[in-house]
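Trainee: let me see the structure of the following:
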Amino acid sequence: MDKHKIVLEYPLQTKSENIVWQLIGTAEGLGKWIADYVTRDGDTMTFTWGEVWTHNDTKVALILDIQPNRYIRMKWDYIEHEDAYWEIRIEKSDFTGHLALIITDFADDGDKDYLQNLWNDNMKRLHEISGF
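Mentor: From the prediction side, this is the model:
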């Protein structure tokens, strides 16, 4: 099955790369807006949605590349397509100095809208907890 690259841009109302990085580049930060619980063990992160003692969904992502205060690139361990990854990148506007998050992900045929809605919902949670 083909994977289609999706790139989404979300402007942020902050100029602090360090604060944004704490929310996108650490397990603790990702656990505040992407999943209910996130843990890191070396080059893997485990994402859990739901309570660990009841019904939940757990997925493991391999960290492919990480550049502090710039981006984190991961790949779900169950995805067989070798080029399919997901990345959260911090971009800074030369004009305003404000930051934006650039999300790169890959969708199966027919799942593009679902994936965009999923990232939109994640960004709403990020905004709610951070204010930016």
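Trainee: chain center to the lengthiest helix in the chain, what's the gap?
Mentor: Across the chain, the helix with the greatest residue count (assigned by DSSP state H) is helix 112-130. On the basis of C-alpha atoms, centre = their mean, to the nearest Å, helix 112-130 sits 10 Å off its chain's mean C-alpha point.
Trainee: going forward, begin numbering at 17 instead of 1
Mentor: Understood, numbering begins at 17; the last thing we discussed is helix 128-146.
Trainee: how would you label the residue sitting nearest the centre point of the chain: helix, strand or coil?
Mentor: In the chain, the centroid-proximal residue (C-alpha atoms, centre = their mean) is residue 104; its distance is 5.1 Å. Three-state call for residue 104 (DSSP: H, G, I helix; E, B strand; the rest coil): strand.
Trainee: please apply the same query to residue 45.
Mentor: Applying three-state DSSP: residue 45 is helix.
Trainee: confirm for me that it is in contact with residue 51.
Mentor: No: using C-beta atoms under 8 Å, residue 45 makes no contact with residue 51, being 11.1 Å away. C-beta coordinates here come from the backbone N, C-alpha and C atoms, glycine included.
Trainee: part of a helix, is residue 37?
Mentor: Yes: under three-state DSSP, residue 37 falls within a helix.
Trainee: ok, so what distance separates the residue nearest to it when sequence neighbours are not counted from residue 105?
Mentor: Leaving aside its chain neighbours, residue 37 sits nearest to residue 85 (4.8 Å; criterion: C-beta to C-beta, 6 or more residues apart in numbering). Distance of residue 85 to residue 105, given as C-beta to C-beta, to the nearest Å: 11 Å.
Trainee: ok, these two, which is more surrounded?
Mentor: residue 105 (17 against 13; other C-beta atoms under 10 Å).
Trainee: who's in contact with that one?
Mentor: Residues in contact with residue 105 (C-beta atoms under 8 Å, 6 or more residues apart in numbering) are 86-87, 117-120.
Trainee: are any of the residues you listed buried, and if so which?
Mentor: 87, 117, 119 (16 or more other C-beta atoms under 10 Å).
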